[in-house]
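In: build me a model from this:
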Amino acid sequence: MPDELQTYYAARASEYDEVYAKPERRIDLRAMQGWLPPILAGRRVLEIACGTGYWTRSLAPVAQSIVAIDAVEQTLQIARARVPDERVTFARADAYRLPGTLGKFNGAFAGFWLSHVPRARRREFFGRLHERLQPGSRVVLLDNLYCDDSSTPIAEQDEDGNTYQLRKLKDGSVHRVLKNFLLEPELRSLVAGIGEQAQFTGWRYYWGLSYLTAGGA
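Out: The predicted structure follows:
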């Protein structure tokens with residue numbers, strides 16, 4: 001995770017989950033909380049960028065086991081207190097440098113992470129993730145759709161097409177945050193060469209994508 005993103009999420013840790021309290025998003029969130037767990041039920045799951053464990057809590061009752069990683073210790077502390085399940089292990093790690101000591105998995109989940117991955121590093125991220133997955137693993141991604149009535153406005157776009165928001169925290173600090181809003185065609189194109197049986201689900205404010213890594217029986 002780039003240093004500026006780590007700095008932002010470390011500063012935001014105590015107010016991290018307030019984004020889920022937006023009234024207009026509650027219907028979507030309830031639907032997503034019902035949609036996600038069955039897809040990864042019974043699997044050994046690697047969760048990328050778990051944050052405060054908001055989604056880990058939904059997966060823990062159904063997964064065989066979970067290793068949930070994040071680059072920010074402040075959010076991991078909240079996650080450990082939120083999900084005191086013996087099947088869940090929290091670890092500090094970089095999503096672009098997943099250590100072999102994490103082991104191998106047959107499931108993976110990344111919630112609201114892909115939108116923070118620079119366009120030029122997407123293939124790198126998926127390559128590193130797939131190194132930790134067995135053939136035929138189920139991968140699930142969740143992230144935001146841009147909505148004028150709810151999203152922080154886009155402040156700028158760089159030469160590579162990455163978009164950025166300016167986010168203000170309660171302490172008054174303002175942070176420039178990379179946030180790309182992907183649509184279904186781009187998502188399907190990203191996983192076309194690395195996954196099979198991709199399934200896209202769209203809600204009003206969010207999207208979900210699941211696929212199987214190649215090589216499964």
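In: in the chain, where's the longest strand?
Out: Selection of the longest strand in the chain by residue count, based on DSSP state E, yields strand 133-144.
In: counting by contacts, list what that strand packs against.
Out: Applying 3 or more CB pairs under 8 Å, 6 or more residues apart in numbering; DSSP states H and E, we find strand 133-144 packed against helix 26-40, strand 105-111, strand 206-213. For glycine as for every other residue, the C-beta is placed from the backbone atoms N, C-alpha and C.
In: and the helices in the chain, which stretches?
Out: Using DSSP state H, the helices found in the chain span residues 3-12, 26-40, 56-59, 73-82, 122-131, 184-191.
In: between the longest strand of the chain and strand 206-213, how many degrees?
Out: Counting by axes from the mean of the first three to the mean of the last three CA atoms, to 10 degrees, strand 133-144 lies at 170 degrees to strand 206-213.
In: direction included, what does strand 133-144 pair up with?
Out: strand 105-111 (parallel), strand 206-213 (antiparallel) (DSSP bridges).
In: for residue 28, find the nearest of those strands.
Out: Closest approach to residue 28 among the strands paired with strand 133-144 (CB to CB): strand 206-213, 5.4 Å.
In: ok, back up a step: touching the longest strand of the chain from outside, list them.
Out: Strand 133-144 has contacts (CB atoms under 8 Å, 6 or more residues apart in numbering) with 32, 36, 39-40, 43, 46, 55, 104-115, 129, 151, 179, 181-182, 187, 191, 195, 205-217.
In: of those, buried ones?
Out: Buried residues within these, counting neighbours by 16 or more other CB atoms under 10 Å: 32, 36, 39-40, 43, 46, 55, 105-115, 129, 179, 182, 187, 191, 195, 205-213.
In: what residues are up against residue 197?
Out: 211-212 are the contacts of residue 197 under CB under 8 Å, 6+ apart.
In: could you report the distance from it to residue 102?
Out: 25 Å (CB to CB, to the nearest Å).
In: can you check residue 136 too?
Out: Distance of residue 136 to residue 102, given as CB to CB: 19 Å.
In: quick check, pLDDT for residue 3.
Out: As predicted, residue 3 sits at a pLDDT of 78.
In: over to residue 214?
Out: 86.
In: and it, what are its phi and psi?
Out: Per-residue torsions, residue 214: phi -70, psi 150 (degrees, to the nearest 10).
In: how close does it sit to residue 105?
Out: As for residue 214, its distance to residue 105 is 15 Å (criterion: CB to CB).
In: with residue 148 instead?
Out: Applying CB to CB to residue 148 and residue 105 gives a distance of 38 Å.
In: what does residue 131 give?
Out: Taking CB to CB, one finds residue 131 at 11 Å from residue 105.
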